[in-house]
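>>> below is the sequence, then the predicted model.
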Amino acid sequence: MDFAYRLTFLFSMTAFVGAVDAGNPGLVVRFTQKGLDYALQGGMIALQQQLYKIHLPDFSGTYEFEPLGKVDYRFFSMAIRTVQLPSFQVSPIPNSGLKLSISGAFIEFDGQWNVHAQPINEDGSFNVKVMGLSISIGLILGSDETGRPTISPSDCSAHISNVKVQMSGPLGWLVDLFHENIESEMRNTLEKKICPEVTQSISSELLPLLQTLPVITEIDFISAIDYSLTGSPSVMGNWVDVLLKGEFFDISHRTTPPFSPPVMSLPPEQDLMVYFAVSEYLLNTAGFVYQNAGVLVFNLTDDMIPKESIVRLNTSSFGILIPLLSKMYPNMLMKLKMSTASAPALNIKPGNLTLLPVGNIQAYAILPNSSLAPLFLLQLKTNVQAKVAVNSGRIVGFLEPAKVEITLAHSDVGPFSVLAISEAVNYFASKILLPRVNEILNNGFPLPTIDHIQLTDFVMQTYEHYLLFGANAHYKYKRMTMKELNGHGKTDNEIL
Ligand SMILES: *[C@@H]1O[C@H](CO)[C@@H](O)[C@H](O)[C@H]1NC(C)=O
Ligand SMILES: *[C@@H]1O[C@H](CO)[C@@H](O)[C@H](O)[C@H]1NC(C)=O
Ligand SMILES: *[C@@H]1O[C@H](CO)[C@@H](O)[C@H](O)[C@H]1NC(C)=O
Ligand SMILES: *[C@@H]1O[C@H](CO)[C@@H](O)[C@H](O)[C@H]1NC(C)=O
């Protein structure tokens, strides 16, 4: 192991994703070697189809041949019959991009020949087997001004080790005499044609696919997530990290959150194809957006309380606990306006997701003319354990029931003991509010994926300030296996 390689390896093992000054990403998507290998298999199918499109131009020449003298030959109507790409690999080249190598590829094509020498004019057909074709190409990863990933080819080279031409027809033996000319002509032509086709395949198949990354994912009528790339993907020895903004924002009025993404130190996991490091920041920008939009408010009225509950939301029922209440507002229904006092923030630690929301409850009596009379204001604090899971490619959440601590902030109905109404408030919070919150959290939000890709085998782990989701990717359409890929067209067993 040379020094530079060792240094790269060390660096990649301890790589902190995101520099302190450059604005850390809210989400990191890491592709492992396994993920790159899988992606390449799909890419090879597209490339193989592209290679079938190679158009081989007619070519002709003259050959001095005793005793006939000058023989003019022409090769035409050439068509590719078989393309086989049995062996290929992709390797990350640190700080540079990816290197794609194809070796031992095989191409077979047919065509017609014509020779002309006074007084002969003969036609025939031929078959060409191109063996030991190797292609090497660099792929530079980047991002465009819309924050979508880009990929562009560099340094393409193609080499053919062996071309075998077989002639048939009455004068096939004659054409065979200058097969060396023909073979070298064909090798040169093909070597020149292959790189443009590979390049074309990358820009017409791979690039558009990558550009389907949903850089703005709408969540509801209030918010969307910004999944744009914050810069070029970073390539390490064992993986490629794509750094995304990973931020919820208000569709109608985007503002900068008053907190920044944390530094995420990803573990060197390699078992699955792709890993998503979802930071606290991404999740907490959701709280920030919904809090600012003023939608984290829940009005509780008596009709929402289960029939079997003996505590009703009315002044007679609460009057037992608050002496002055039933005197001031006899026999009236009440309303509790529950709201968060500040944006709820999730705290992620290994094995522990906690939410420490702070809220208010304003209680009202509903007067006979339907206007509201303020009764009292409570402040509440709680320590909620959160659970996170993946459901159909979406990250969904769930909050565990927790005890709510309340304090009296203000009363319009004289002093009373909050302890007395604490049980009722806790009952409302866990039986009515929590299920509704969980229903919303259960809708979750989607991870960013490109078209035709489905994620399966999800695993999740919690780290300091982020959640790590690992998954395998699958092409949604029925994928050809490599056997089918190589069996496409006519297979020549002699070659395999
Ligand atoms: C909750 O009740 C308050 C006071 O009546 C009202 O201003 C507000 O619009 C209500 N909010 C919702 C979401 O129903
Ligand atoms: C208030 O609740 C009590 C039960 O605690 C019930 O008997 C009464 O009918 C309720 N009053 C109103 C106005 O709903
Ligand atoms: C989880 O974290 C919270 C605060 O971040 C802490 O109060 C609680 O004790 C922790 N729980 C466990 C099981 O570590
Ligand atoms: C409703 O009734 C209360 C007291 O009876 C009164 O103070 C208030 O002005 C009334 N509101 C409306 C909108 O009529």
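Thanks, I have it. Ligands and ions are numbered 1, 2, ... in the order given.
>>> which parts of the stretch 251-400 of the chain are helices?
280-292, 315-319, 323-328 (DSSP state H, counting those that start in this stretch).
>>> turn these into JSON lines, including mean pLDDT.
Formatted as JSON lines, these follow (pLDDT from 0 to 100):
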{"stretch": "helix 280-292", "mean pLDDT": "96"}
{"stretch": "helix 315-319", "mean pLDDT": "93"}
{"stretch": "helix 323-328", "mean pLDDT": "93"}
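>>> out of these, which is the most enclosed?
Highest mean neighbour count among these (mean count of other CB atoms under 10 Å): helix 280-292, with a mean of 22. Where you see a C-beta, it was placed from the backbone N, CA and C, and this is true even at glycine.
>>> and that helix, what does it pack against?
Here helix 280-292 touches strand 223-226, strand 247-250, strand 346-349, going by 3 or more CB pairs under 8 Å, 6 or more residues apart in numbering; DSSP states H and E.
>>> now for the second one, which elements pack on it?
Packed against strand 247-250 by the contact rule (3+ CB pairs under 8 Å, 6+ apart) you find strand 223-226, helix 280-292.
>>> list the contacts of the last one.
Around helix 280-292, the neighbours that count as contacts under CB atoms under 8 Å, 6 or more residues apart in numbering are 24, 26-27, 222-223, 225, 246-250, 255, 257-262, 296, 340, 342-348, 445, 465-466.
>>> nearest to ligand 1: which residue in the protein?
Asn299 (3.7 Å; CB to the nearest ligand atom).
>>> I figured that residue hits Leu336, correct?
Yes - here Asn299 reaches Leu336: they are 7.2 Å apart, a contact under CB atoms under 8 Å.
>>> the two: which has the busier surroundings?
Under the criterion of other CB atoms under 10 Å, the comparison of Asn299 against Leu336 puts Leu336 first, with 22 against 12.
>>> please name the nearest non-neighbouring residue to the more buried one.
In space, and not counting its chain neighbours, Leu336 is closest to Leu300: 4.2 Å by CB to CB, 6 or more residues apart in numbering.
>>> can you tell me how far that neighbour is from Val175?
Distance of Leu300 to Val175, computed by CB to CB, to the nearest Å: 92 Å.
>>> swap in Phe469?
Phe469 is 62 Å from Val175, by CB to CB.
>>> where are the low-confidence patches of the stretch 351-496 of the chain?
The stretch 351-496 of the chain contains residues with pLDDT under 70 at 477-496.
>>> state the number of residues packed around the closest residue in space to Ser279 that isn't next to it in sequence.
Spatial nearest neighbour of Ser279, excluding adjacent residues (CB to CB, 6+ apart): Tyr466 at 4.6 Å. A count of neighbours around Tyr466, defined by other CB under 10 Å, yields 27.
>>> OK, contacts around Tyr466?
Neighbours of Tyr466 in contact, by CB under 8 Å, 6+ apart: Pro262, Met264, Ala277, Val278, Ser279, Glu280, Ile348.
>>> just curious, which of the residues you listed is nearest to Leu36?
Ala277 (17.9 Å; CB to CB).
>>> could you report the pLDDT at the closest one?
Looking at Ala277, its pLDDT is 97.
>>> quick one: residues contacting it.
Val17, Leu27, Val28, Arg30, Met264, Leu266, Tyr463, Tyr466, Leu467, Leu468.
>>> ligand 4 versus the fifth one, what's the distance?
Think Met264. 54 Å (CB to the nearest ligand atom, to the nearest Å).
>>> just to revisit the earlier point, now the helices and strands packed on strand 247-250 in JSON lines, with distance to Asp58?
Converted to JSON lines, the helices and strands packed on strand 247-250 look like this (distance: least, CB to CB, whole Å):
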{"stretch": "strand 223-226", "distance to Asp58": "54"}
{"stretch": "helix 280-292", "distance to Asp58": "59"}
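>>> wait, which of those is closest to ligand 2?
Closest to ligand 2 of those is helix 280-292 (CB to the nearest ligand atom; 32.6 Å).
>>> how about that closest one and ligand 3, any contact?
No - contact between helix 280-292 and ligand 3 is absent, the nearest approach being 11.3 Å (criterion: CB under 6 Å from any ligand atom).
>>> 11 is where my numbering starts, stick with that
Will do, 11 is the new start, and the previous item becomes helix 290-302.
>>> touching ligand 1 at all, that helix?
No - Helix 290-302 does not reach ligand 1 (CB under 6 Å from any ligand atom); its nearest approach is 12.3 Å.
>>> just the CA coordinates of that helix, formatted as CSV?
Provided in CSV are the C-alpha atoms of helix 290-302 (Å, rounded to 0.1, in the frame of the first residue of the first chain):
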residue,chain,number,x,y,z
GLU,A,290,-31.5,16.7,13.3
TYR,A,291,-31.4,19.9,11.2
LEU,A,292,-33.6,18.5,8.4
LEU,A,293,-36.2,17.3,10.9
ASN,A,294,-36.1,20.5,13.0
THR,A,295,-36.5,22.8,10.0
ALA,A,296,-39.9,21.1,9.7
GLY,A,297,-40.8,22.3,13.2
PHE,A,298,-39.5,25.7,12.4
VAL,A,299,-41.6,26.0,9.2
TYR,A,300,-44.9,24.8,10.8
GLN,A,301,-44.4,26.9,13.9
ASN,A,302,-43.9,30.0,11.8
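>>> could you check how far it is from the centre of its chain?
Helix 290-302 has its C-alpha centroid displaced from the chain centroid by 21 Å (CA atoms, centre = their mean, to the nearest Å).
>>> now the phi/psi pair for whichever residue of the stretch 11-160 of the chain sits closest to ligand 2, please.
Nearest residue of the stretch 11-160 of the chain to ligand 2, counting by CB to the nearest ligand atom: Gly36, 48.2 Å away. Per-residue torsions, Gly36: phi -90, psi -20 (degrees, to the nearest 10).
>>> which non-adjacent residue is nearest it?
That would be Gly256: by CB to CB, 6+ apart, it lies 2.5 Å from Gly36.
>>> for the stretch 11-160 of the chain, just list every one of the helices.
13-23, 43-62.
>>> lowest average pLDDT across the ones you listed?
helix 13-23 (a mean of 38).
>>> any chance of the contacts of Ala287 in a markdown table, plus distance to ligand 1?
Putting the contacts of Ala287 into a markdown table (distance: CB to the nearest ligand atom, whole Å) gives the following:
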| residue | distance to ligand 1 |
| --- | --- |
| Val27 | 39 |
| Leu37 | 31 |
| Val38 | 36 |
| Arg40 | 40 |
| Met274 | 36 |
| Leu276 | 40 |
| Tyr473 | 36 |
| Tyr476 | 32 |
| Leu477 | 30 |
| Leu478 | 36 |
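>>> inside strands: which ones of those?
Residues of these located in strands (DSSP state E): Leu37, Val38, Arg40, Tyr473, Tyr476, Leu477, Leu478.
>>> any chance of JSON lines for those residues, columns distance to Tyr73?
JSON lines is the format used below for the ones in strands among the contacts of Ala287 (distance: CB to CB, whole Å):
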{"residue": "Leu37", "distance to Tyr73": "65"}
{"residue": "Val38", "distance to Tyr73": "62"}
{"residue": "Arg40", "distance to Tyr73": "58"}
{"residue": "Tyr473", "distance to Tyr73": "71"}
{"residue": "Tyr476", "distance to Tyr73": "70"}
{"residue": "Leu477", "distance to Tyr73": "71"}
{"residue": "Leu478", "distance to Tyr73": "67"}
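>>> could you single out the nearest of those residues to Ala412?
Taking CB to CB as the measure, Ala412 sits nearest to Leu477 out of these, at 20.2 Å.
>>> how many neighbours does the closest one have?
For Leu477, the neighbour count with other CB under 10 Å is 20.
>>> same check on Ala168?
Ala168, neighbours per other CB under 10 Å, totals 20.
>>> what's the following helix or strand after whatever helix or strand it lives in?
Assessed by DSSP states H and E, Ala168 sits inside strand 159-178. The helix or strand immediately downstream of strand 159-178 is helix 182-186, counting by DSSP H and E.
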